[in-house]
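Colleague: following is a predicted model, sequence given first.
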Amino acid sequence: MTDKRVLFICSHNSARSQMAAALLKKIGGDDFMVASAGLEPGPLNPLAVEVMGEIGLDISGNKPQSVFELFKQGKLYTHVITVCDQAATSCPVFPGLTQRLHWPFANPAEFKGTWEEKLARTREVRDAIRERIIHWLEELKRER
């Protein structure tokens with residue numbers, strides 16, 4: 001079992017945190033136990049589902065969950081990463097030795113335009129999340 005337990009949090013656990021969790025699972029592999037949650041869980045964002053599918057990651061069956069439920073269950077994480085400003089200011093403080101990080105990304109639910117225009121912007125968010133994760137993994141390697 002890994003000693004790195006990461007929780008990604010955003011407002012609704014419908015896009016950004018779901019994408020981040022799937023990407024870290026793919027890139028970080030078995031080195032990480034990864035979860036995602038939201039302040040007010042809502043349905044998965046179809047834009048996020050589609051752009052993740054484009055890179056071979058199927059998140060369509062993921063179930064959004066409440067960060068407060070995870071907190072009540074006493075879940076422990078080594079890293080709690082908020083991917084929106086609302087989560088950064090409203091998420092609970094998890095017990096234990098937890099490093100909190102804040103990586104804000106644009107919210108696909110707020111994108112305007114045609115479906116294709118919104119997809120293009122969601123791809124940009126997905127790619128920005130992937131680049132941030134890659135950079136963070138490099139930082140972790142240097143810290144060892």
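Modeller: Noted; the coordinates are in hand. Residues are numbered from 1 along each chain as shown.

Colleague: quick one: contacts for Lys26?
Modeller: If a contact means CB atoms under 8 Å, 6 or more residues apart in numbering, then Lys26 has Leu57 as its contacts. Where you see a C-beta, it was placed from the backbone N, CA and C, and this is true even at glycine.

Colleague: for Phe8, see how far away Gln73 is.
Modeller: Going from Gln73 to Phe8 by CB to CB, to the nearest Å gives 17 Å.

Colleague: okay, now the unreliable bits of the protein?
Modeller: Low-confidence segments of the chain, defined by pLDDT under 70, span residues 1-2, 87-88, 91-97.

Colleague: please identify the buried residues of stretch 51-59?
Modeller: Across stretch 51-59, burial judged by 16 or more other CB atoms under 10 Å covers Val51, Met52, Leu57, Ile59.

Colleague: contact partners for the last one?
Modeller: For Ile59, the contacting residues are Gln18, Met19, Ala22, Leu44, Ala48, Val49, Met52, Gly53, by CB under 8 Å, 6+ apart.

Colleague: now the farthest one out in the protein, which residue is it?
Modeller: The centre of the chain is farthest from one residue, Thr114, which by CA atoms, centre = their mean lies 25.0 Å away.

Colleague: phi, psi for it please.
Modeller: phi -70, psi 170 (degrees, to the nearest 10).

Colleague: and Leu47, what does it touch?
Modeller: Taking CB under 8 Å, 6+ apart, we find Leu47 in contact with Ala15, Pro108, Phe111, Lys118, Leu119, Thr122.

Colleague: surely the second one touches Val125?
Modeller: Think Pro108. Yes. Under the criterion of CB atoms under 8 Å, Pro108 makes contact with Val125 at 6.1 Å.

Colleague: need the contact list for the closest residue in space to Asn45 that isn't next to it in sequence.
Modeller: Leaving aside its sequence neighbours, Asn45 sits nearest to Ala15 (CB to CB, 6 or more residues apart in numbering; 4.0 Å). Each residue near Ala15 by CB under 8 Å, 6+ apart is listed here: Leu44, Asn45, Leu47, Ala48, Asn107, Pro108, Ala109, Thr122, Val125.
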